[in-house]
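Novice: sequence first, predicted model second:
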Amino acid sequence: TGFLYPLHLRVVWRGGSLLCSCLHDPVNSDAHCSNPMQMYKISCAAEPITLGQSPAVLRRGNCCSFSLSCRNLNGLEVTCFRPEESIKRREGNELKKIYPFWEKHCKSYPQRLLSRRIVELTKRRQLNQIFQELETARTKNVHPNRVVMNSVMAACVHCGDVDRAILIYQEMLQFCGVDNVTYTILLKGLGEASRLDAAFEVVESIEKGTAPGRPTLTEVHIRTLLNAFADAGDILRACGILVRYRSLINRMGPSILTYNILIKGYAKSDTPLEALRLKDDMIKHGTQPERLTFNSLIQACIKGRDMDKALKLLMEMKEDAERLKLSTLLPNIVTYTTIIKGLGESGDLDGVLRMVDEIKMSATCTLDRVAYGVIIDACIAAGSPTAGLAFWHEMVNAAKGNRELRPKAHTFLSLMRAFAETGDAETVKLLHECMVPKSTGPISVEARVEADELWIEAAINAGQIALEDPVEKFMLTCKEMKPLYGGLHLSGVIMRFFRDEIVPIIDDSGKCIGAVHCEDCSEINTTLSNLVRGPLPTVTKSTPLSKAFNLLLEPQNKILAVCDSNAGYSFVRHQNEQVIGFLTRQKMYSYVHRSDYKVD
């Protein structure tokens, strides 16, 4: 009901009478009733119950008890309902005197629920659902306040939709107003969208006092702007901001956060090794580098192609953690994966395997999905896709007990690219077949198309297919495909689509008018001609396989019609051409991986 505390009812049978009490706390009879405006009615199925005071208004500070008699206690009901408006007005003023925060709480309660819901949807990146929840709340006369709108604005930034965040900001200017939090979110969004000039203009307007809402320029605003330039790798402008607002940022001297932001900026700039000077400056000012500092320094060394300094920093992390007795300085999984990535790019496979063994022996690190993906990519970069395949098998086996370890499509494609280049068609086939059932997350159409192309590329590099061979050598004849008449009803041939994914359709004259896909069979009381998508892409019997395969690898083409013509190949069926066969994507795959097929 939105009140502060729940109500408790106590029903006791005493000496032939039924006693019903309403208390805030059934144990403490002196407790105040949390909702003095609530009414109660008592009734029994056996006989009506008449109370001396019915309906009874519960008074604040009193425990209202009712004594009644009935012969049958079955079907006893105690119902609660809201009082009349006159009672609300009479009791409302007295309630405000005792509980002055009650009215404010009741007004802010829906806002808190809405804000909590927005935060949950932000974690799931369901931005459209957030706006639907916002519109639903407005239809219920719940007008979002500044806190709720800031949450919506932060959701837009989190989902990468900065334009929507700016629209929310403009809407807030007209209705609920803006504050320092609003401008911090706006600066973060502009920085992530690489709109650095616009972010700098916002900070200048806050500094001059011309920004709407008259916010106060704080250290958070400056650090957000500084972080935006650091993420973009614009270290010169980042240092300029630090110099300009030094008095605001470094009131107590350079902080570890400021150093970390500048080191990250150097790591993403064209001079990454300059970040090592900041480490020396930190030690000079008595600031102990933390784990995040070391991770950024290692990343800078790897970008600067200096693996020796990166490994030296790793050893320094361990030594500082042991010397200072701080477990928070020990390398974490991010540290190791950064080192492994650098070792893979430098071609040091032994170093990669050594780091993996160190992770497995570490008490503070655990291999997760991202770590396995980095290890596999590092093995491929180091020239050993076989080692990467071994880690893939280890990852898949570990995922049987922990679904969080299931690889994503990127891992499969990385291995397929490596083995397709060497012509290992069997391994590519294995990865292609396992990508859908053993991966996690959505698989885009582009990823599926690339997997199909890599499958064909591996077979070609292995010498299993001669691309200059004509389509006639691989096509299925019309007798083998067994086309159906377009006038037939789907209900009479429905079992055919449980066996065949695609079935060609012909008209009364015997000409092919298209094909029906099994996924289109949603209405059973219709003719097959109504389910045809359109004319099939057509090639001639002399078309080389390379051109036919390129057509079949397109997502929308699962079948080609083969015509008896020497006029080349076409995407559209000609009315005067005679279809003599078909080539399907599934048939193409079966030819690719026939172990007994060899080029003549």
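Specialist: Arrived safely, thanks for sending.

Novice: report the backbone C-alpha coordinates of stretch 389-409 in PDB.
Specialist: C-alpha atoms of stretch 389-409 as PDB (Å, rounded to 0.1, in the frame of the first residue of the first chain):
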ATOM      1  CA  LEU A 389      43.600 -25.600 -30.500                       C
ATOM      2  CA  ALA A 390      44.800 -27.500 -27.400                       C
ATOM      3  CA  PHE A 391      43.800 -24.600 -25.100                       C
ATOM      4  CA  TRP A 392      40.400 -24.500 -27.000                       C
ATOM      5  CA  HIS A 393      39.900 -28.200 -26.100                       C
ATOM      6  CA  GLU A 394      40.800 -27.400 -22.500                       C
ATOM      7  CA  MET A 395      38.300 -24.500 -22.500                       C
ATOM      8  CA  VAL A 396      35.500 -26.600 -23.900                       C
ATOM      9  CA  ASN A 397      36.100 -29.400 -21.400                       C
ATOM     10  CA  ALA A 398      36.100 -26.900 -18.500                       C
ATOM     11  CA  ALA A 399      32.900 -25.300 -19.800                       C
ATOM     12  CA  LYS A 400      31.100 -28.600 -19.100                       C
ATOM     13  CA  GLY A 401      31.200 -27.800 -15.400                       C
ATOM     14  CA  ASN A 402      31.100 -24.000 -15.800                       C
ATOM     15  CA  ARG A 403      29.000 -22.400 -18.600                       C
ATOM     16  CA  GLU A 404      30.800 -19.100 -18.000                       C
ATOM     17  CA  LEU A 405      33.800 -20.600 -19.800                       C
ATOM     18  CA  ARG A 406      32.000 -21.300 -23.000                       C
ATOM     19  CA  PRO A 407      34.000 -19.600 -25.900                       C
ATOM     20  CA  LYS A 408      32.500 -16.900 -28.000                       C
ATOM     21  CA  ALA A 409      32.300 -17.000 -31.800                       C
END
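
Novice: what's the mean pLDDT across it?
Specialist: For stretch 389-409, mean pLDDT rounds to 94.

Novice: hmm, C159 and L127 touching each other?
Specialist: Yes. Using CB atoms under 8 Å, L127 is in contact with C159, at 4.5 Å. Yep, even glycine has a C-beta here, placed from its N, CA and C like the rest.

Novice: what is in contact with these two at once?
Specialist: Common neighbours of L127 and C159 are not found (criterion: CB atoms under 8 Å, 6 or more residues apart in numbering).

Novice: roughly how far does N145 sit from I375?
Specialist: 48 Å (CB to CB, to the nearest Å).

Novice: looking at the two, which has the bigger crowd around it?
Specialist: Each of N145 and I375 has its neighbours counted (other CB atoms under 10 Å); I375 has more, 27 against 17.

Novice: list the residues that contact the more buried one.
Specialist: By CB under 8 Å, 6+ apart, I375 lies in contact with T337, I340, V352, V356, L367, G388, F391.

Novice: so it sits in a helix?
Specialist: Yes. Assessed by DSSP: H, G, I helix; E, B strand; the rest coil, I375 belongs to a helix.

Novice: what about N295, how many residues nearby?
Specialist: 23.
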